[in-house]
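> one predicted model, sequence on top.
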Amino acid sequence: MNNQPDKSLTIIGAGLAGALLATLLARSGWQVDVYEKRGDPRVKGYEGGRSINLALAERGRNALRQADADDAVMTQAVMMRGRMVHFADGTLQLQRYGRDDSEVIWSVHRGDLNITLLDLADKAGARLHFDRRLDSVDFDARVARFRDDRAGQAHETGFRALVGADGAGSALRAAMNRQADLGERSEFLDHSYKELEIPPSADGDFRIEPNALHIWPRGRYMCIALPNDEKTFTVTLFLPNEGDPSFASLKTVADARALFERDFADALPLIPDLEEDWQRNPPGLLATLYLDRWHIDGRAVLLGDAAHAMVPFHGQGMNCAFEDCVALARKLEAGVDLAEAFAGYEAERKPNAAAIQHMALENYLEMRDRVDDPDFLLQRELERK
Ligand code: FAD
């Protein structure tokens with residue numbers, strides 16, 4: 001008779017959290033199957049489509065180290081020492097995050113990061129199934145049903161337990177909600193975002209200071225720009241949905257250009273394809289997701305954005321998702337039954353996620369409205385001394 005505990009799990013979503021969790025578990029001897037709705041980005045190219053780069057902080061790096069992923073990720077990362085504030089009068093000021101370069105954050109490319117983590121999961125022995133979109137779940141029979149949207153085929157598989165790493169619009173969360181009320185509510189921000197690009201200079205270099213997170217704070221709205229290792233910057237414009245100016249009031253690309261001429265004059269010459277970028281990238285919505293419960297006994301559990309999507313102004317959604325992965329893997333390794341492990345993980349991570357969600361909302365006000373306020377700057381300077 002086999003007395004070995006059953007160490008098998010099915011992860012939904014091979015994004016940032018799904019790929020890291022798969023690596024951590026597979027390296028500890030778990031049999032891990034990962035189902036991802038998109039094609040394999042290592043074969044087909046990355047089709048992520050939003051927030052091209054991300055700020056990676058020490059919390060996230062610490063989690064990556066647990067999977068020996070940090071070195072591979074850091075080869076593509078660009079250091080950001082602080083905020084480079086672009087004042088309305090065209091002057092610049094670097095506001096350091098810490099005392100020196102031991103306290104910095106890093107800009108990483110979402111697609112490259114995802115591919116690095118998928119490679120590690122693959123090497124660790126996780127089984128990756130692409131073009132498999134979770135469609136529905138029979139929790140009583142423990143059967144998950146998937147669709148291959150390209151081939152138009154249906155697939156199903158049995159499972160011991162499901163882990164939802166399928167992002168803010170999680171299909172697993174919707175299926176769990178049908179089984180047991182998770183107490184879900186979403187609060188949408190009255191601002192959205194649009195991504196634009198600063199290409200390299202004619203001689204192939206960065207066009208502005210590479211080792212900073214650039215901010216153009218303008219009161220009710222702002223632009224930020226993060227560097228990419230191919231010497232580009234991804235610019236994100238955060239703007240109200242309604243009012244003036246807003247995504248509703250900017251009806252044409254000429255309106256968008258006029259806004260940049262007036263409020264982001266030093267950024268405009270850096271974005272030669274403003275019109276194309278504006279038309280290609282629709283505004284992205286921003287919301288905070290709150291759940292009362294993250295798991296259904298030992299059958300299903302959520303992590304990352306599927307459990308606690310947040311607005312991006314603290315740059316901590318991915319970092320927090322990575323911490324979830326480490327916490328869940330540790331609880332599972334403790335050898336308790338799955339229901340106990342999922343409950344322990346939720347008890348540990350839910351208050352942390354709630355605190356970061358709150359800080360992310362607060363930081364929006366600070367970034368768009370206060371980083372160019374002399375009183376605020378003086379107070380920050382005094383706090384650092
Ligand atoms: P995701 O990265 O969304 O991955 C989910 C995966 O599940 C995807 O691969 C998706 O294809 C797959 N999937 C979805 N549905 C299904 C299905 N039905 N079946 C199978 N697979 C499915 N965080 C930071 O830490 N720093 C930042 O600087 C930062 N900046 C951001 C900027 C913007 C504009 C936005 C919107 C977010 C930002 N974030 C940032 C947050 C970060 O993007 C998320 O927190 C992070 O991606 C969460 O990872 P995840 O794996 O939980 O979800």
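Sure thing, it's come through.

> do you know how far D68 is from the ligand?
According to C-beta to the nearest ligand atom, to the nearest Å, D68 and the ligand sit 19 Å apart. Just so you know, the C-beta spots here come from the backbone N, C-alpha and C atoms, and that holds for glycine as well.

> meant to ask about Q66
Applying C-beta to the nearest ligand atom to Q66 and the ligand gives a distance of 16 Å.

> give me the three-state assignment for the spatially closest residue to that residue that is not a sequence neighbour.
Closest residue to Q66 apart from its sequence neighbours, by C-beta to C-beta, 6 or more residues apart in numbering: V326 at 5.2 Å. Following DSSP: H, G, I helix; E, B strand; the rest coil, we place V326 in the helix state.

> run a quick neighbour tally on the nearest residue to Q31 once chain neighbours are set aside.
Nearest non-adjacent residue to Q31, counting by C-beta to C-beta, 6+ apart: S8, 4.2 Å away. S8 has 13 neighbours, counted by other C-beta atoms under 10 Å.

> which SS class is the closest residue to A121 other than its chain neighbours?
Of all residues not flanking A121 in the chain, A22 sits nearest, at 4.0 Å (C-beta to C-beta, 6+ apart). Classification of A22 using three-state DSSP returns helix.

> isn't A22 right up against V34?
Yes - contact between A22 and V34 holds when scored by C-beta atoms under 8 Å: they sit 5.0 Å apart.

> the stretch 101-250 of the chain: strands as residue ranges?
Taking DSSP state E, counting those that start in this stretch to define them, one finds strands in the stretch 101-250 of the chain at 105-109, 127-129, 133-138, 143-148, 153-158, 162-164, 185-198, 213-217, 222-227, 233-240.

> what pLDDT, on average, does stretch 177-189 get?
The average pLDDT within stretch 177-189 is 97.

> same thing with stretch 265-274?
Here the average pLDDT along stretch 265-274 is 97.

> tell me the buried residues in it?
D266, A267, L270, I271, L274 (16 or more other C-beta atoms under 10 Å).

> equivalent analysis for stretch 243-254, please.
Using 16+ other C-beta under 10 Å as the test for burial, stretch 243-254 gives P245, S246, F247, L250.

> ok, stretch 145-162 next?
Of all the residues in stretch 145-162, those buried under the rule 16+ other C-beta under 10 Å are R145, F146, R147, D148, H155, F159, A161, L162.

> may I ask which two of those residues are separated the most?
Farthest pair in the buried residues of stretch 145-162 (C-beta to C-beta) is D148 and A161. Separation: 23.2 Å.

> hey, C-alpha coordinates of stretch 76-87 in PDB?
C-alpha atoms of stretch 76-87 as PDB (Å, rounded to 0.1, in the frame of the first residue of the first chain):
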ATOM      1  CA  GLN A  76      17.100  41.900 -17.500                       C
ATOM      2  CA  ALA A  77      16.200  44.400 -14.700                       C
ATOM      3  CA  VAL A  78      17.000  48.200 -14.800                       C
ATOM      4  CA  MET A  79      17.700  49.900 -11.500                       C
ATOM      5  CA  MET A  80      15.500  52.800 -10.400                       C
ATOM      6  CA  ARG A  81      17.100  54.900  -7.600                       C
ATOM      7  CA  GLY A  82      14.100  57.100  -7.000                       C
ATOM      8  CA  ARG A  83      11.400  59.300  -8.600                       C
ATOM      9  CA  MET A  84      12.500  61.700 -11.200                       C
ATOM     10  CA  VAL A  85       9.900  64.500 -10.900                       C
ATOM     11  CA  HIS A  86       9.200  66.500 -14.000                       C
ATOM     12  CA  PHE A  87       7.700  69.800 -12.700                       C
END
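
> hang on, A165 packs against I11?
Yes - with contacts counted by C-beta under 8 Å, A165 reaches I11, the gap being 5.6 Å.

> neighbour-wise, which of these two wins?
A165 (32 against 27).

> how about that one, nearest residue that isn't a chain neighbour?
G18 is the one closest to A165 (C-beta to C-beta, 6+ apart), at 3.4 Å.

> for E362, grab the count of nearby residues.
Using other C-beta under 10 Å, the number of residues around E362 comes to 12.
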